[in-house]
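**Student:** Provided below are the primary sequence and the corresponding predicted coordinates.
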Amino acid sequence: MSAQDTHALNLDSRLKSALRELLQRVVQQGRNIGLDQIDSMLDEAWRELRIAESLSQDAANGATQFKQPVNFFQHLLETMPHFVIGLDEIGRCVAYNALFAELARNNQKTEPGFNFNEIVHAVAGGDPLEMHEVLQQTAAIGLWNGDIWIQRGTGSRMLVNASIFNLVAENPATQPSNIRYAAILLDISGHRKMEQDFLHQEVMRGVALLAGGVAHNLNNLLVGVQGYAALLKPMVKDDERAQKYLSIIDRSSSKAADLSKQLLRFSQRDEATPIEVDPNSAIEEGAQLASKLIGPDIEIILELQPQAQAILVDPGHLDMILLELCINASHAIKKEGRITIRTASSRVPRQLADSHPQIDPQKTYLCVSVADTGSGIDPKQLNDIFQPFVTSREFQARGLGLSMVYGLVNRYDGAIAAESGLGKGTTINVYLPFVPSETKGKGRPEMEQQEQSPIEPQPKSNSKTLPQTPTLLIVDDEAVVLEFFDNMLKNESYNVLFASNGEEALEMFRRAPDEIDLVFMDLIMPRKDGLQTLLEMRELRPDIKVVLTSGYVSNRSLDELVKNGEAEFMHKPFSVRDFFDMIDRQLYSSRP
């Protein structure tokens, strides 16, 4: 008999005894018994009753609370975002939660009892999953863990982390008769893609840094190549063959300088400097670079609208958009094929415009279309290809990712859409706004202007009279550049001093700050860069004329100096004529 039952019996006998005593006293004493005594007896009986009720309720609550954890864990198994499977001793799926049941149905597995291997594609390394070895290890040490590919049922795959462990109960009576192992599968496709994307971005940052360094060194070398070719021309003006060869050198070095500019634009891919761009010229240059990346088996065809209106975009970003689209198109082409790049003036389709608030459906945009002859994309996936971490057997974003292209296009108030079908190839249309007529020719950044021709700073009054033979201080860490200037200026009417870094230049300047009339200095140097050297020189002599030069520049402080007319900048490589024009501007244009 339970404690609750015993207490109830005791309560019943005590209630009977109390009531019997109460009745006897009422009969014996009649009305002489006090009401307070009756109340006291009833209160005592009521307290006993409440105690009994409380014990009974506790017993009932205990039974309910025991059932609640069971219901909770059943609910958890059915709603948790992991696949939970019960396996028998040979690896058959004999029980599973609702999420795995849906996956099984997608794989035409409608009833329990199918082998786990039937939905497993491979382990993460690519080898087939040997289920008997997995179960042997699990039986021996109690656990197996690894990353495996499983079939989604739609033809695509999902990467999951699988943990398989023993389900041997301490009490054999509670051991399920047909379940020996439990497997929990966690979808890690997004995490793995995120890791790969992060690593790819780090690689691309390294490549961008390398591209900037290569461009910087290439431009330094081109100063010597173009400069010496210019010095040789008057020496062999009567030699027709030599003049021809020098012209070839000059043209080749100009092409190398153009390639260097492309490298620089790529290296500055995280910085936006929108300028007016001729889309046809930019696409022609980008297509040449893309053709070298995708190989000779894929032909790039250009069908460009003649005299296309300018667009306002960062040239490096336009290169990135075009390269990414071409690279993705090349991956869709199995062997030989074509990529066609077209430009046209067009309005954005209404449905696309409605999903892009920045688009004005009444305006005309530049439409850049990149079409391939590849395998195409399932129309069901077209809405997802610009999302990050999307991949399938038919479509797999490469390079910087179409999600980044989507972001760049929207950055310039444009729109992007894809058209495709399995076996029909893919066309991606990019819509970019034209430069408004009221802003044409305006807002062109200072540093971009300098790439075309050096800008002249605001004239300043010349506080000192120039000597008959001005003194120039040339500062550059490249020996070939210093040697070129030495050869170029030795027969000119200048005193020339040379320094190979900022510290050396400052030391020379401190010795005679008033004797130096012009400093021509590289921006990127070891020990102390050109910008810091300029600032320290200005502390010694505020009116010193300084011209900075570099084959690679990305410095907002320099932008401000140039914009305010406090320094001039010449982009390497530059011609001999440009150099002497710069000297004339700096030394003589401000004379009264």
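**Tutor:** Here it is on my side, so go on.
**Student:** tell me the helices and strands packed up against the host helix or strand of Glu102.
**Tutor:** Using DSSP states H and E, Glu102 sits within helix 98-106. In terms of contacts (3 or more Cβ pairs under 8 Å, 6 or more residues apart in numbering; DSSP states H and E), helix 98-106 is packed against strand 83-87, strand 93-96. (Glycine included, C-beta is placed from N, CA and C.)
**Student:** so of these, which one's packed in deepest?
**Tutor:** Ranked by mean neighbour count, the helices and strands packed on helix 98-106 are led by strand 83-87 with a mean of 22 (mean count of other Cβ atoms under 10 Å).
**Student:** relative to helix 98-106, how tilted is it?
**Tutor:** Strand 83-87 runs at 80 degrees relative to helix 98-106, counting by axes from the mean of the first three to the mean of the last three Cα atoms, to 10 degrees.
**Student:** tally of neighbours for the nearest residue to Asp297 once chain neighbours are set aside?
**Tutor:** Of all residues not flanking Asp297 in the chain, Glu336 sits nearest, at 4.8 Å (Cβ to Cβ, 6 or more residues apart in numbering). The tally of other residues near Glu336 (other Cβ atoms under 10 Å) stands at 10.
**Student:** same question for Asp584.
**Tutor:** Using other Cβ under 10 Å, Asp584 has 9 neighbouring residues.
**Student:** could you look up the SS state of it?
**Tutor:** What DSSP: H, G, I helix; E, B strand; the rest coil gives for Asp584 is helix.
**Student:** then Ile90?
**Tutor:** Put simply, Ile90 is coil when judged by three-state DSSP.
**Student:** and it, what does it touch?
**Tutor:** Neighbour list for Ile90: Asn115, Leu135 [criterion: Cβ atoms under 8 Å, 6 or more residues apart in numbering].
**Student:** local confidence estimate at it?
**Tutor:** What the model reports as pLDDT for Ile90 is 88.
**Student:** and it, how far is that from Leu135?
**Tutor:** According to Cβ to Cβ, to the nearest Å, Ile90 and Leu135 sit 8 Å apart.
**Student:** cool, Lys424 as well?
**Tutor:** 46 Å.
**Student:** more crowded one of those two?
**Tutor:** Leu135 (21 against 14).
**Student:** ok, that one touching Glu89?
**Tutor:** Yes: here Leu135 reaches Glu89: they are 7.5 Å apart, a contact under Cβ atoms under 8 Å.
**Student:** and for the two, which residues touch both?
**Tutor:** Going by Cβ under 8 Å, 6+ apart, residues that sit against Leu135 and also against Glu89 are Tyr181.
**Student:** which SSE is Val134 in?
**Tutor:** According to DSSP H and E, Val134 maps onto helix 131-141.
**Student:** ok, now Pro306?
**Tutor:** Following DSSP H and E, there is no helix or strand that holds Pro306.
**Student:** how about it, nearest residue that isn't a chain neighbour?
**Tutor:** Leaving aside its sequence neighbours, Pro306 sits nearest to Asn280 (Cβ to Cβ, 6+ apart; 7.9 Å).
**Student:** counting contacts, what elements does the one helix or strand the one you found maps to pack onto?
**Tutor:** Assigned by DSSP H and E, Asn280 belongs to helix 279-294. Judged by 3+ Cβ pairs under 8 Å, 6+ apart, helix 279-294 is in contact with helix 240-267, strand 298-303, helix 315-332, strand 337-346, strand 365-372.
**Student:** show me what counts as buried in stretch 569-587.
**Tutor:** Residues of stretch 569-587 classed as buried by neighbour count (16 or more other Cβ atoms under 10 Å): 569-574, 576, 579, 581-583, 585-587.
**Student:** can you tell me which of these are in strands?
**Tutor:** Phe569, Met570, His571 (DSSP state E).
**Student:** what is the burial count for Ser297?
**Tutor:** In this structure residue 297 is Asp, not Ser. The number of residues packed around Asp297, counting by other Cβ under 10 Å, is 11.
**Student:** next secondary structure after the worst-scoring helix or strand of the chain on mean pLDDT?
**Tutor:** Using mean pLDDT, DSSP states H and E, the weakest-scoring helix or strand in the chain turns out to be helix 446-452, at a mean of 38. Next helix or strand after helix 446-452 toward the C-terminus (DSSP H and E): strand 471-475.
**Student:** pull the CA atoms of that next one into CSV?
**Tutor:** Extracted in CSV, the C-alpha atoms of strand 471-475 (Å, rounded to 0.1, in the frame of the first residue of the first chain):
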residue,chain,number,x,y,z
THR,A,471,69.0,72.1,-59.2
LEU,A,472,66.9,68.9,-59.4
LEU,A,473,66.7,66.2,-56.8
ILE,A,474,65.6,62.9,-58.3
VAL,A,475,64.5,60.2,-55.8
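**Student:** that one packs against which elements?
**Tutor:** With contacts taken as 3+ Cβ pairs under 8 Å, 6+ apart, strand 471-475 sits against helix 479-489, strand 495-499, helix 502-511, strand 518-522.
**Student:** sheet-wise, list the partners of it with their directions.
**Tutor:** Here strand 471-475 has these sheet partners by DSSP bridges: strand 495-499 (parallel), strand 518-522 (parallel).
**Student:** that older thread, winner for burial among the helices and strands packed on strand 471-475?
**Tutor:** Burial of the helices and strands packed on strand 471-475 is given as mean neighbour count (mean count of other Cβ under 10 Å); strand 518-522 ranks first at a mean of 24.
**Student:** mind saving the C-alpha coords of that one as PDB?
**Tutor:** Written as PDB, here are the backbone C-alpha positions of strand 518-522 (Å, rounded to 0.1, in the frame of the first residue of the first chain):
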ATOM      1  CA  LEU A 518      62.600  70.900 -57.700                       C
ATOM      2  CA  VAL A 519      62.100  67.400 -56.200                       C
ATOM      3  CA  PHE A 520      61.000  64.600 -58.500                       C
ATOM      4  CA  MET A 521      60.300  61.600 -56.200                       C
ATOM      5  CA  ASP A 522      58.900  58.100 -56.500                       C
END
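**Student:** show me what it is in contact with.
**Tutor:** With Cβ under 8 Å, 6+ apart as the test, strand 518-522 has contacts from 470-478, 481, 502, 505, 509, 530, 533-534, 537, 544-550, 582-583, 586-587.
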